[in-house]
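1. the sequence and its predicted three-dimensional model are supplied below.
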Amino acid sequence: MIAVVEPISPVRAFLVMLRWRLLQLRVELPQILLAQVLIATGTGVGLGFLLPRGDRLAGAYVATGAILLNLFIISVVMVPQVVAQQKQSGEHDYLWSLPIPRLVHPLAELVIWSVAIVPGMLVAFAITSLRFDLDLDVSPLLVPAVLLTLLTGTAVGNAIGLRSTSPQMMNLFTNAVLMLVLLFSPVNFPGERLPGWLQAVHEVLPIAAMADLVRGALLADYDAEVGRDLVTLGLWCALGITVTVRAVNRVR
Amino acid sequence: MLRIEGVSKAHRPGVLANDDVSLHVAGGEVVGLLGPNGAGKTTLVRQIVGLSRPDAGSIAIDGVDVVADPAAARAACSWQPQSTVGIAGLTPRHAISMVAELRGAERRAALARADELLAALHIDDWAGKPGSLLSGGVARLVAFAMAAVVPGKVVILDEPTNDVDPLRRRLLWDQVRVLADAGAAVLLVTHNVLEAERAVDHLALMDGGRVIAAGTPASLKPAGAGFRLEVLGEPGAELAPPAFAHDAVVGGRRLLATIDEGDLDTAIAWARAEKAAGRVEEFTVGPTSLEDVYVRLVEQQEEVHA
C-alpha cells in the first residue's frame, strides 16, 4: 500500500495528464490526423474545380480557406464534441476530484488539439500552393498568427464544450458552425461579397480575423489588418479561457 | 476522520436532496450508506469530494473544513464514482498507475501497486487491454482499483460491486477491508442490502434526503423482529399462507412471511408436510434479514410522508 503523499507539482501533473490523454486517444488520434489530411487534400483539390484556372486571387482564398477549414474542423467541431462527451460521461467530475490543479486537464487538451491541427494545415497549404501557383511571401508573422489562431480556436471550442447541455445538441451546433464557416464567412472568398449585415457580424466574430491574419502572413499581394485581427482574436481567446477557467472551477 | 454535520442541499429551491444529514466515519471503519434510488446518497458524496457545496451544515476530514477548502477534500479523498470512469484507449494498468502518479506516487511504485491490485482483484488478464473493450464488471473493478491505488484518508466507493461477478465481489470486499485496516475511513454507498450487511461495520440508512436509521447491522434489526419463512411452491400448486404467518406475500411460486419465534416448530412441520404432499419444492426459515428491516423502514418513511 502506498501512503498518502504530498501533492505533485503542477508541471508533473500536466505531464502525466498529457500522457493520460495521449494514451486514451491512441486509437482515435491517428485516424483523426488521417481524416484531416484527406479533408485538406479534398478541399484543396475539390474547391479548385469551382474556379477558373489561373484566377490567382480566387486561388489565394481557396488556399487559405483549405488551411483554415482544417483548423475549424478540429477546434470548433472536434474539441467541443470531445469535451461535451467527457462532461456527459462524468469523466470531468472524476478528473476534477483528483488532487491536481483542475486547469491541467483543459491545458493538456489545448496542447494536443493544437498540435493535431498542424499536419492537415501543412498538407492543405502544400497542395493549394502547387495547384494555384500562388505568389507566396511567408512573413515571420506566420508562426504567431497560426499559434494565436490555434489557441483561440481550441480555447473557444473548449469553452463551448464545457457549457454544452448534451453531446447531441453539441453535434447540431458544431454542424451549424461549420456551415457558417464554409459558406457564410470571408474564408473562401472576399468579404465584400457578403451582405452588409453579415459583414458587420464578422467584424465581431473571430472567423474573418483568423482568415485575414493567416492570409496576410502567407501571401505577397495581400494586406491584412493585423492590428485589428490581433485585438479581435485576443479578446476571443481571453473569453474562451475565462469561460473554461470558470466552468472548470465551478462548484455547484 | 469524516464528520458530516447537519448537511442540507437543494438542487432546486424547496426540493431538498439532503436534509440535515449527519454521519461520522472513523479511520479503520467501513460505513455503509444504504438507501433506495433518489435517497440523496450520491448528492452527499459529491459534497464530500468537493464537486458541490452544501447549502447548510459542515463537512470535515481529519479536522479540516473541506467545504471552505475543496483542494483539501481532493487531497484527502479517493473516490470511485457511481458512473463508470471512461478510460477509452487507456489500459487498466495505465489508468490505475497514472491515477497513482497524479495522487503523488513515483512511477515505478505506481506500476507495482497497480499490478498488485490487478492481481488481488483477479483481473490481471485484462491489464493490457484497452478500456473500451472491458466488460461492465471489469471496468467497475478497474474504477475501484483507481480509488484504492493510493487511498486517501477517506475512501468513497459508490456502488462498487455493480455488474461484478460473485467471486470477484469477494476479492473486492477483501480489498475494502485492507483499506480500512490500513487506517482509511471507508464510506460505501450501495443499495445492495445483503452485501452491505456482511461487508460493513456500521450502516446509515437514507431515504428522502434524510438519515432514517443508523447503527451496526445487527442493531438495526429490532428485538423481536421474528423470523422469516420463504417457500417455493411446486409449479402449478396453489400456495396459501398458513394461519401462523403474518405479513405474508405471495408472488408467483414464492411465499414470504414473518413468523414468531414460538411458531418456529409449527412452521417447519407445516412446510415439511406441504413438501411431502408435493405442493412445496423447497423452503427456508431464518432470522429476519436486514433487507426486510430496510424495506420496512423505507415503507414506514414513505407512509409518514404520504
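-> Yep, it's here. Numbering: from 1, shown residues only, chains lettered A, B, ... in the order given.

2. if I look at the residue in the stretch 1-150 of chain B that chain A sits nearest to, how far off is residue B:78?
-> Closest contact between the stretch 1-150 of chain B and chain A, by C-beta to the nearest C-beta, is at residue B:104 (3.0 Å). Every C-beta, even on glycine, is put in place using the N, C-alpha and C of the backbone. Residue B:104 sits at a distance of 11 Å from residue B:78 (criterion: C-beta to C-beta, to the nearest Å).

3. what of residue B:45?
-> Distance, residue B:45 to residue B:78, using C-beta to C-beta: 12 Å.

4. likewise for residue B:282?
-> 44 Å.

5. what about those two, which has more around it?
-> The neighbour comparison of residue B:282 against residue B:78 (other C-beta atoms under 10 Å in any protein chain shown) goes to residue B:78, with 27 against 11.

6. OK, contacts around the more buried one?
-> B:103, B:147, B:148, B:150, B:151, B:152, B:154, B:155, B:156 (C-beta atoms under 8 Å, 6 or more residues apart in numbering or on different chains).

7. how does it look with 10 Å?
-> Counting by C-beta atoms under 10 Å, 6 or more residues apart in numbering or on different chains, residue B:78 touches A:4, A:97-99, B:49, B:99, B:103, B:146-157, B:179, B:184.

8. and it, which of the three is it?
-> The three-state assignment at residue B:78 reads strand, by DSSP: H, G, I helix; E, B strand; the rest coil.

9. try residue A:165
-> Per three-state DSSP, residue A:165 ends up coil.

10. one step back: return the subset of the contacts of residue B:78 lying in helices.
-> Using DSSP state H, the members of the contacts of residue B:78 that fall within helices are B:99, B:146, B:147, B:148, B:179.

11. right, and the third one touches residue B:140 too?
-> Looking back up the chat, that one is residue B:147. No. In this structure residue B:147 lies outside contact range of residue B:140 using C-beta atoms under 10 Å: 11.0 Å.

12. so between those two, which is more surrounded?
-> residue B:147 (27 against 22).

13. how many neighbours does the closest residue in space to the more buried one that isn't next to it in sequence have?
-> Nearest residue to residue B:147 in three dimensions, chain neighbours excluded: residue B:80, at 3.9 Å (C-beta to C-beta, 6 or more residues apart in numbering or on different chains). By the criterion of other C-beta under 10 Å, residue B:80 has 25 neighbours.

14. ok, now which ones touch residue B:80?
-> Here residue B:80 is in contact with A:94, B:45, B:140-148, B:155-160, B:188-189 (criterion: C-beta under 10 Å, 6+ apart).

15. near chain B, which residues of the stretch 151-252 of chain A are found?
-> Neighbours of chain B within the stretch 151-252 of chain A, by C-beta under 10 Å from any C-beta of the partner chain: A:249, A:250, A:251, A:252.

16. could you dump these to JSON lines with pLDDT and neighbour count?
-> Converted to JSON lines, those look like this (pLDDT from 0 to 100; neighbours: other C-beta atoms under 10 Å in any protein chain shown):
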{"residue": "A:249", "pLDDT": "81", "neighbour count": "12"}
{"residue": "A:250", "pLDDT": "78", "neighbour count": "12"}
{"residue": "A:251", "pLDDT": "73", "neighbour count": "12"}
{"residue": "A:252", "pLDDT": "71", "neighbour count": "9"}
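
17. tell me what the helix or strand encompassing residue A:126 is packed against?
-> Residue A:126 belongs to helix A:104-132 when elements are defined using DSSP states H and E. Under the contact definition 3 or more C-beta pairs under 10 Å, 6 or more residues apart in numbering or on different chains; DSSP states H and E, helix A:104-132 sits against helix A:10-24, helix A:28-49, helix A:56-72, helix A:79-89, helix A:91-96, helix A:142-162, helix A:206-218, helix A:226-248.

18. farthest residue from the center of chain B?
-> residue B:277 (40.9 Å; C-alpha atoms, centre = their mean).

19. isn't it up against residue B:237?
-> Yes. Residue B:277 is in contact with residue B:237 according to C-beta under 10 Å; the separation is 8.9 Å.

20. can you give me the neighbour number for residue B:136?
-> Residue B:136: 11 neighbours (other C-beta under 10 Å).

21. and for the one 10 residues further on?
-> Other residues within reach of residue B:146 by the criterion other C-beta under 10 Å amount to 28.

22. just the helices in chain B please.
-> Using DSSP H, the helices assigned to chain B run over residues B:41-48, B:70-76, B:92-102, B:107-120, B:136-148, B:166-181, B:193-199, B:217-220, B:264-276, B:290-305.

23. find the nearest non-adjacent residue to residue B:285, please.
-> Closest residue to residue B:285 apart from its sequence neighbours, by C-beta to C-beta, 6+ apart: residue B:229 at 5.4 Å.

24. show me the contacts for that neighbour.
-> B:241-242, B:244-245, B:248, B:255-259, B:263-264, B:267-268, B:270-271, B:283-286 are the contacts of residue B:229 under C-beta under 10 Å, 6+ apart.

25. just those residues: which are in strands?
-> With DSSP state E as the criterion, strands contain B:248, B:255, B:256, B:257, B:258, B:259, B:283, B:284, B:285, B:286 from among those.

26. how much space is there between the third one and chain A?
-> Using C-beta to the nearest C-beta, to the nearest Å, we find residue B:256 at a distance of 37 Å from chain A.

27. dump the residue contacts of that residue.
-> Residue B:256 neighbours (C-beta under 10 Å, 6+ apart): B:228, B:229, B:230, B:231, B:241, B:245, B:247, B:248, B:249, B:250, B:292.

28. quickly list what it is bridged to.
-> residue B:230, residue B:249 (DSSP bridges).

29. for it, give me the pLDDT.
-> pLDDT for residue B:256: 84.

30. picking that back up, the helix holding residue A:126: which residues count as buried?
-> A:104-114, A:116-121, A:123-125, A:127-129, A:131-132 (16 or more other C-beta atoms under 10 Å in any protein chain shown).

31. relative to residue A:207, how far out is residue A:191?
-> Counting by C-beta to C-beta, the gap from residue A:191 to residue A:207 is 10 Å.

32. same deal with residue A:51?
-> For residue A:51, the distance to residue A:207 equals 21 Å [C-beta to C-beta].

33. neighbour count winner among the two?
-> A direct count of neighbours by other C-beta under 10 Å for residue A:51 and residue A:207 places residue A:207 higher, at 22 against 16.

34. residues in contact with that one?
-> Here residue A:207 is in contact with A:68, A:72, A:76, A:153, A:177, A:180-181, A:184-187, A:201, A:232, A:236 (criterion: C-beta under 10 Å, 6+ apart).

35. angle of the helix holding residue A:126 against helix A:28-49?
-> If you take axes from the mean of the first three to the mean of the last three C-alpha atoms, to 10 degrees, helix A:104-132 sits at 30 degrees to helix A:28-49.
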